[in-house]
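Novice: What follows is a predicted structure for the sequence shown.
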Amino acid sequence: MIKQSLREFYLSLFPNLTSGLLFFIPKNEISVEIIQKLDFLKTIHIFNKVFVVDNDYGPIEYIKGQTSKHILFKESYLSNNIFSLLEKKSEVKSHEFDYTLEKYFELVECLFFITNWMNTNITKLGVYDEETRGLFYLQSYNYKKHFEILIKNFYQSKAIIPKGNFNTLELIDKYLPDISGFYNRKKERVQVTIDLVKDNQNENEINKPQFNKSKKTPLISEAEAEDMLLKSIFNLDKSNFK
């Protein structure tokens, strides 16, 4: 059996990730200059229509009421990609896996951002029913959860999350409160551990026996102490005996 290359592995993740993807291209979001440069944008009516990505035929126009198993079972397909990544992590060198993971991360981040935007703006098309809008919501939710699961499983520290193409940390703070809470709780647990260690160190310092390393010089000599004792107790002055 021929060993699968990293590139082949990366490409094998695409079908689960993109099949059944609903999308539309709003005309007012593309400048006239770009439209004029691309012939197919001038000759084919693609704006303000909903399309779905098909594995065999590519993007095809979505028909109202038409559902796809790839949309309904997207969460399961995306979970399979997580399992594949976890398995691959133990099979290849760390730098090879890190590179592949970062490329996949950028793609997932992009799909999360785009599907979230489309879910918010589908109503602007004004021609699609509640079922279609519901599918865009479900799609956005699935990519959001996939993005969260990817981060939780492969980026244990917020500091190692790639910046991405959409300022990932800002996306997390704005749209993924569960992830922000996940990192905050980890930070709090680390701080509690540090505080406990400091408290134990301080307590040990307080309870540590104190040893005098050198003999301290008495405040008064033995002779002076004897004189004070005789005067205070017996009212005797040694100088009178000389």
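Specialist: Nice, thanks for sending it over. Numbering: from 1, shown residues only.
Novice: all strands of this protein, in order?
Specialist: 22-24, 50-54, 58-61 (DSSP state E).
Novice: Can you show me the CA trace of the longest one as CSV?
Specialist: As requested, the backbone C-alpha atoms of strand 50-54 are provided in CSV (Å, rounded to 0.1, in the frame of the first residue of the first chain):
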residue,chain,number,x,y,z
VAL,A,50,-27.7,30.6,-3.4
PHE,A,51,-25.4,27.8,-4.5
VAL,A,52,-24.4,24.6,-2.9
VAL,A,53,-21.0,22.8,-3.3
ASP,A,54,-21.4,19.4,-4.8
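Novice: Include mean pLDDT, mean neighbour count and distance to residue 179 when you put the strands of the chain into TSV, please.
Specialist: No exception for glycine: its C-beta is placed from N, CA and C like everyone else's. Formatted as TSV, these follow (pLDDT from 0 to 100; neighbours: other C-beta atoms under 10 Å; distance: least, C-beta to C-beta, whole Å):
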stretch	mean pLDDT	mean neighbour count	distance to residue 179
strand 22-24	91	20	25
strand 50-54	89	18	27
strand 58-61	87	11	31
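Novice: do you know which of these lies nearest residue 168?
Specialist: strand 22-24 (21.5 Å; C-beta to C-beta).
Novice: Touching the closest one from outside, list them.
Specialist: Strand 22-24 is contacted from outside by 48-53, 59, 62, 71, 114, 118, 122, 125, 135-136, 139, using C-beta atoms under 8 Å, 6 or more residues apart in numbering.
Novice: Residue 55 and residue 16 touch, don't they?
Specialist: No. Using C-beta atoms under 8 Å, residue 55 is not in contact with residue 16; the gap is 10.2 Å.
Novice: what about those two, which has more around it?
Specialist: residue 16 (19 against 11; other C-beta atoms under 10 Å).
Novice: List the residues that contact that one.
Specialist: If you count contacts by C-beta under 8 Å, 6+ apart, then residue 16 has 77, 78, 80, 81 around it.
Novice: pLDDT score for it?
Specialist: Looking at residue 16, its pLDDT is 94.
Novice: Over to residue 109?
Specialist: Confidence score, pLDDT, at residue 109: 94.
Novice: do the same with residue 28
Specialist: For residue 28, the predicted pLDDT is 73.
Novice: Then residue 197?
Specialist: You'll see residue 197 listed with a pLDDT of 54.
Novice: Use 211 as the first number from now on
Specialist: Taking 211 as the first residue, the last one we looked at is residue 407.
Novice: remind me which residues of the chain are low pLDDT?
Specialist: By pLDDT under 70, the weakly predicted segments of the chain are 211, 239-240, 245, 248-254, 277-278, 337, 390-392, 394-452.
Novice: which among the contacts of strand 232-234 gets closest to residue 364?
Specialist: The nearest one, if we look at the contacts of strand 232-234 relative to residue 364 and count by C-beta to C-beta, is residue 324, at 21.3 Å.
Novice: do you know how far the closest one is from residue 301?
Specialist: Applying C-beta to C-beta, to the nearest Å, the value for residue 324 to residue 301 is 31 Å.
Novice: Lovely, talk soon.
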